[in-house]
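Colleague: one predicted model, sequence on top.
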Amino acid sequence: MERLQKVLAEAGIASRRKCEEIITSGRVQVNGEVVTTLGVKVNASEDEIKVDGRTVGQQKKIYVILNKPKGVITSATDPEGRKVVTDFLPGIRERVYPVGRLDYDTEGLLLLTNDGEFAHLLTHPKHHVPRTYQATVKGVPHGTLLEKLRIGVQLDDGMTSPAEVEYADVNPTKNESIIEITIYEGRNRQVRRMFESIAFPVIKLKRIKFGPIFLTGLPRAKYRHLTPKEVEELREAALQTHNVQKGQ
Ligand code: URA
């Protein structure tokens, strides 16, 4: 017997936390009875579980990497009909959800899966899975400013943890620099806010690596399935960072 929210998350309905909300909002039935409390345990292979009247099956787990273009919302659906990341997954019929999010204007590596446990593992703040971005800024920030970003800067939601920050390219003609930054947290608009804090706002942002997975070779707006080895490596990356304390 397992907790209802765990079974729903493992069936790919949503993250475990979102499944809790789905339960408490009265959308789940077990053997014909609406369940709104969180303590309920079920037997996934014997009990009939429905969400919004539809039976929850044991879906095949799928894991994809998308090269998200800018101007797209990181969501599975948008009530206003704007472009969302799942529009770029032709041929995927399973209901997949983004693992974390990229801003509307950020491009690059985005993972999507119907494995709620896996998504939860990779995005939980206690697992400091590294994410690497290429940030393009106007001008060339002085090395001491990059050092500030490395050590940690004060944002309105607290100090940032130590980051790795290097110049990747400087284009004197355009007066732009590309800076590669690896952060170990996934706060909202974090990279943009870090660069704003040193007065070098980001004009283009691209995620190029998530844990051990690189974006390399995947054209913009295209996706591919992760290999079982890559999925395992990501899982290991999250578990290895489990005990790393923020700021150490
Ligand atoms: N940091 C940002 O500022 N934006 C993103 O999309 C991801 C990280």
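Modeller: On my side now, so go ahead.
Colleague: buried residues in stretch 204-213?
Modeller: Neighbour counts over stretch 204-213 (16 or more other CB atoms under 10 Å) mark 205-211, 213 as buried. C-beta: built from backbone N, CA, C; applies to glycine.
Colleague: show me the subset of the residues you listed that also lies near the ligand.
Modeller: Among the buried residues of stretch 204-213, the ones lying near the ligand by CB under 6 Å from any ligand atom are Leu205.
Colleague: can you list the buried residues of stretch 204-213 in JSON lines and add secondary structure and pLDDT?
Modeller: Converted to JSON lines, the buried residues of stretch 204-213 look like this (DSSP: H, G, I helix; E, B strand; the rest coil; pLDDT from 0 to 100):
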{"residue": "Leu205", "secondary structure": "strand", "pLDDT": "98"}
{"residue": "Lys206", "secondary structure": "strand", "pLDDT": "98"}
{"residue": "Arg207", "secondary structure": "strand", "pLDDT": "98"}
{"residue": "Ile208", "secondary structure": "strand", "pLDDT": "98"}
{"residue": "Lys209", "secondary structure": "strand", "pLDDT": "98"}
{"residue": "Phe210", "secondary structure": "strand", "pLDDT": "98"}
{"residue": "Gly211", "secondary structure": "coil", "pLDDT": "96"}
{"residue": "Ile213", "secondary structure": "strand", "pLDDT": "98"}
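Colleague: nearest to Tyr63, of the buried residues of stretch 204-213?
Modeller: Minimum distance to Tyr63 across these is 10.1 Å, recorded for Ile213 (CB to CB).
Colleague: just confirm Phe214 contacts Ile208, I think it does.
Modeller: Yes: in terms of CB atoms under 8 Å, Phe214 counts as a neighbour of Ile208; the distance is 6.7 Å.
Colleague: which neighbours do the two share?
Modeller: Leu109 (CB atoms under 8 Å, 6 or more residues apart in numbering).
Colleague: Glu117 should be in a strand, yeah?
Modeller: No: counting by DSSP: H, G, I helix; E, B strand; the rest coil, Glu117 is located in no strand; its state is helix.
Colleague: got the contact list for it?
Modeller: 6, 9-10, 16.
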